[in-house]
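Student: got a predicted structure here, sequence first:
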Amino acid sequence: MLGPVQNSRCFGSVLLITGPESLLAERAVTDFITQAQAERPDAAVSRLESAELDGGTLAEATGASLFATATIAVINDLAEMPPELFDQVVELASAPGEDLALALVHGGGVKGKGLLDRVRKLRPEIVDCPTIKTWELGRFVGNEVRRQRGKISPEAAEALVQAVGSNTRALAGAVRQLLDDSADQVITETTVRRYFAGRAEVSGFAVADAALAGHAEEALGKLRWAMSAGVGAPQVTSALAGNLRGLGKYLGARDLGMGNADLAREIGVPPWKLKDLARLARDWRPEAIADAIQAVAVADAQVKGASGDAGFALEQAVLTILRCREQSRARR
């Protein structure tokens, strides 16, 4: 379940928040505390880090105090919970008591899964916070705008993703910024492009788009601009690799007879990206994509420590991508 906590009653119950998308997890915690405080305004709030707990601290933090008869307890990062406290946590979650509102947060992954599975068996309310996929970012932006009582078109939402990138916190901040500056709480595509003019041009994805399209001067120019603007070299290699992989998946799936929505989901891109991939596919063969991905992998290793000149490594990767495309075109 995504979004606000739906439980009609926080006290005497347990909320399990699980998944790697920290922005969604933090919001679920905030919603939980807000709802619990509405039930019991006099309740004390305890935020606990699993790694710092011992049995006494856990018991004290989740029980009544001299100053409050009710407690709202949030236990973060269950993956770091000491094993000797597993039984105590499960016992607490199985019968939290009418004066305790308990939220348990697990960031996903296999660490702490034993405790997580035991808590799940208690059938608590669960808020899932999965990583938001690339093709879901436009919808995330739309939901973010509606959350703040604004309006945005799908085209404007995708334009914002293009301008800001895939970081959900950055997207949420951009939405807040645009709505704060909007008199009518409406975000249009024109507003996005005016507000973030030049932002997309210095992103790693802009470098990748130009390189895969064979625009050598534009790709190299944007690469230098991106580096001077502080875009991290790993962000550029990630964008190059991601675009190449997406194109490779498109070549492998385009003839499977799927509709656009299913094809986009299979590839891992938003539906509007299919037109770009179809255009690029005319100039690329699968073996050329494989060679280009290998070159990007080499550059990625270099920018992460094996080379002292990240700019040179990235430039060589872009030049190799351009060369692979030209060789692919020559063989068609």
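Tutor: In hand now; what should we look at?
Student: for P41, grab phi and psi.
Tutor: Main-chain dihedrals, P41, degrees, to the nearest 10: phi -60, psi -20.
Student: need the pLDDT of it.
Tutor: Per-residue confidence at P41 stands at 93 (pLDDT).
Student: return the set of buried residues in the host helix or strand of G56.
Tutor: Assigned by DSSP states H and E, G56 belongs to helix 55-61. The neighbour-count check on helix 55-61 (16 or more other CB atoms under 10 Å) flags 58, 61 as buried. (Each C-beta comes from the backbone N, C-alpha and C, glycine too.)
Student: how much distance is there from that helix to the middle of the chain?
Tutor: Centroid displacement of helix 55-61 relative to its chain, using CA atoms, centre = their mean, to the nearest Å, is 34 Å.
Student: could I get that helix in CSV with only the CA atoms?
Tutor: Output in CSV follows, covering the C-alpha atoms of helix 55-61 (Å, rounded to 0.1, in the frame of the first residue of the first chain):
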residue,chain,number,x,y,z
GLY,A,55,16.3,-4.4,26.2
GLY,A,56,15.9,-1.8,28.9
THR,A,57,15.9,1.2,26.5
LEU,A,58,13.3,-0.5,24.3
ALA,A,59,11.0,-1.3,27.2
GLU,A,60,11.3,2.2,28.6
ALA,A,61,10.7,3.9,25.3
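Student: what lies in contact with it?
Tutor: Applying CB atoms under 8 Å, 6 or more residues apart in numbering, the set of residues contacting helix 55-61 from outside is 46, 48, 71, 73, 84-85, 88-89, 92.
Student: how about 7 Å then?
Tutor: By CB atoms under 7 Å, 6 or more residues apart in numbering, the residues outside helix 55-61 that reach it are 46, 48, 73, 85, 88.
Student: and what of stretch 220-238?
Tutor: By CB under 7 Å, 6+ apart, stretch 220-238 touches 201-204, 206-207, 210, 296, 299-300, 303-304, 310-311, 314-315, 317-318.
Student: returning to that earlier point: so which of the contacts of helix 55-61 belong to helices?
Tutor: Per DSSP state H, helices hold the following members of those: Q88.
Student: dump the contacts of helix 55-61 to CSV, plus distance to R254, pLDDT and neighbour count.
Tutor: Shown next, in CSV, are the contacts of helix 55-61 (distance: CB to CB, whole Å; pLDDT from 0 to 100; neighbours: other CB atoms under 10 Å):
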residue, distance to R254, pLDDT, neighbour count
S46, 54, 92, 20
L48, 51, 94, 19
A73, 52, 95, 23
L85, 52, 95, 18
Q88, 55, 95, 17
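Student: many thanks, have a good one.
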